[in-house]
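Chemist: Here is my input; please provide its structure:
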Amino acid sequence: MKNQKHIRIFLLLLSMMSIATITVAQVSFDPGNGCLNVIDVSSSQGLGDYGDKCISANYLHEVFINEQFAIGGGIGYSHHEKYDFSAIPVFLSTHYFFLDKRFSPFANLRVGGFGMFGKKNVDINQKYSISSKKTDFNLFVSPAIGVKVHITPDIGIMASINDGVLPYYAFDTRRNDYRNKFIHDLGISIGICFQIDGW
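Modeler: Numbering: from 1, shown residues only. Below you'll find the predicted structure:
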C-alpha cells in the first residue's frame with residue numbers, strides 16, 4: 001500500500017509538470033552553460049525480506065558530453081530506519097535525457113561505495129540487525145528513471161523512481177546467522193537541477 005501511495009504522488013507530480021510545459025517556451029540544457037548540478041531528496045520503502053525504510057539526500061555534479069548525456073560524481077547521506085544506521089555513499093553518476101527539450105524522461109545510474117556510521121542494531125541476532133563483521137565490498141548501486149522539466153533555461157525540477165542497493169551482513173532468521181545480503185529499497189526522489197556559468 002505504501003508503495004502505491006508513492007507511485008500516486010509521483011504520477012501527480014508528473015501530471016503537474018506536464019501541464020506546466022504547455023504554457024512555457026521550450027528550453028533545455030546547453031553544455032556551454034556549465035555542468036549539470038542536481039540536489040535531490042528521496043523517501044524509500046524496503047523491498048523483500050531485508051529491505052528497509054530509508055530517507056536520503058544527494059548532491060551530483062556532472063559534465064555534459066552533449067545536450068542529452070552527462071557524467072560525473074556525487075555524494076549523499078542516507079538513514080536506514082529499521083537497521084538504524086546511516087550511510088554516506090560516494091559515487092560516479094550519469095544521466096541520459098531521452099529528449100533535448102524542456103520536458104524529458106531520463107535514466108540515471110549511480111555506482112560507487114559507501115561508509116557506515118551510527119550503527120545501533122549490531123550483533124543482536126534479531127531481524128533488522130547487522131553484523132560487526134565487515135562486508136566483502138561496500139558497493140553502492142542506484143538505477144533510476146524519471147522526468148525533468150525546466151522552469152528557466154538554467155533551472156529545472158526532477159522527479160524519479162529509484163532502487164537503492166547496499167550489501168551488508170544482515171541477520172538471516174531462517175539460518176539463524178548473519179549473511180551477506182543485498183538490501184533493496186524502492187524510492188521516490190524529488191530534486192532541483194541547475195547550471196551555473198563556468199561551474
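Chemist: for this protein, what spans make up the strands?
Modeler: Listed in chain order, the strands of the chain (DSSP state E) span residues 36-47, 54-64, 69-80, 85-97, 103-117, 139-150, 155-172, 177-194.
Chemist: Nearest residue to Asn66 in space, please, no chain neighbours.
Modeler: In this structure, Asn66 finds its nearest non-sequential neighbour in Pro31, 6.5 Å apart by CB to CB, 6 or more residues apart in numbering. All C-beta spots, glycine's among them, are computed from the backbone N, C-alpha and C.
Chemist: what's around the one you found, how many residues?
Modeler: Under the neighbour criterion other CB atoms under 10 Å, Pro31 is assigned a count of 16.
Chemist: Now for it: which residues touch it?
Modeler: Going by CB atoms under 8 Å, 6 or more residues apart in numbering, Pro31 touches 64-67.
Chemist: could you dump the strands of the chain to CSV with distance to Ile130, mean neighbour count and mean pLDDT?
Modeler: What follows is these, written out as CSV (distance: least, CB to CB, whole Å; neighbours: other CB atoms under 10 Å; pLDDT from 0 to 100):
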stretch, distance to Ile130, mean neighbour count, mean pLDDT
strand 36-47, 14, 20, 94
strand 54-64, 14, 19, 96
strand 69-80, 9, 19, 96
strand 85-97, 7, 19, 95
strand 103-117, 8, 17, 94
strand 139-150, 16, 21, 95
strand 155-172, 5, 20, 91
strand 177-194, 7, 19, 90
